[in-house]
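Asks: Got a sequence here, can you build the structure:
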Amino acid sequence: SGSKFIRGLLDSGLSEASDGSVTLDEMPAAAVEAVVTFLYEGTITLEDHSSVPPLLEAAAFLQAPTLQRCLVGVLIAHLVPPSCVAAWQIGTLHSETTLLAAVASVAERD
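Replies: Here you go, the predicted structure:
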């Protein structure tokens, strides 16, 4: 599994492992669905880069580092001065040093 969280559930012996379902009330269903699709198919469809923050939140919660790196790459590719504060907050929340360095670079440039 590309998700340490899901692998842990499956290996835990908890009821989720035997009944095949997990309830994640704290996350938007669309974000969880996109992450699970990525884990199974290796692709993700983004409506636009504004959909990245909830997907990154879900990927971080589900411990899917490959998807996290992809999503951070999308944020960096679309980084402009007006988006730096939001990107800085996301980078800080998820300890994404690559994103934080990119924000600093954009901020220094402008």
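
Asks: got the contact list for the residue positioned nearest the centre of the chain?
Replies: Geometric centre of the chain, nearest residue: Leu56, 2.0 Å, by Cα atoms, centre = their mean. For Leu56, the contact set (Cβ atoms under 8 Å, 6 or more residues apart in numbering) comprises 68, 71-72, 75, 90, 94. Backbone N, C-alpha and C define where each C-beta goes, glycine included.

Asks: Repeat that for Leu99.
Replies: Applying Cβ under 8 Å, 6+ apart, we find Leu99 in contact with 72, 75-76, 87, 90-91.

Asks: ok so, going back, following element in sequence after whichever strand or helix holds the residue nearest to the centre of the chain, please.
Replies: Per DSSP states H and E: Leu56 is located in helix 52-61. Along the chain past helix 52-61, the next helix or strand (assigned with DSSP H and E) turns out to be helix 65-77.

Asks: Show me what that following helix packs onto, helices and strands only.
Replies: helix 29-41, helix 52-61, helix 84-93, helix 97-109 (3 or more Cβ pairs under 8 Å, 6 or more residues apart in numbering; DSSP states H and E).

Asks: same thing but at 7 Å, please
Replies: Counting contacts by 3 or more Cβ pairs under 7 Å, 6 or more residues apart in numbering; DSSP states H and E, helix 65-77 is packed against helix 52-61, helix 97-109.

Asks: winner for burial among those?
Replies: Among those, the stretch with the highest mean neighbour count (mean count of other Cβ atoms under 10 Å) is helix 52-61, at a mean of 22.

Asks: quick check, distance from that helix to the centre of its chain.
Replies: 3 Å (Cα atoms, centre = their mean, to the nearest Å).

Asks: Quick one: residues contacting the residue nearest to Ala58 when sequence neighbours are not counted.
Replies: Excluding the flanking residues, the one nearest Ala58 by Cβ to Cβ, 6 or more residues apart in numbering is Ala31, at 4.0 Å. By Cβ atoms under 7 Å, 6 or more residues apart in numbering, Ala31 lies in contact with 54-55, 57-58.

Asks: of those residues, closest to Ala107?
Replies: Glu57 (23.4 Å; Cβ to Cβ).
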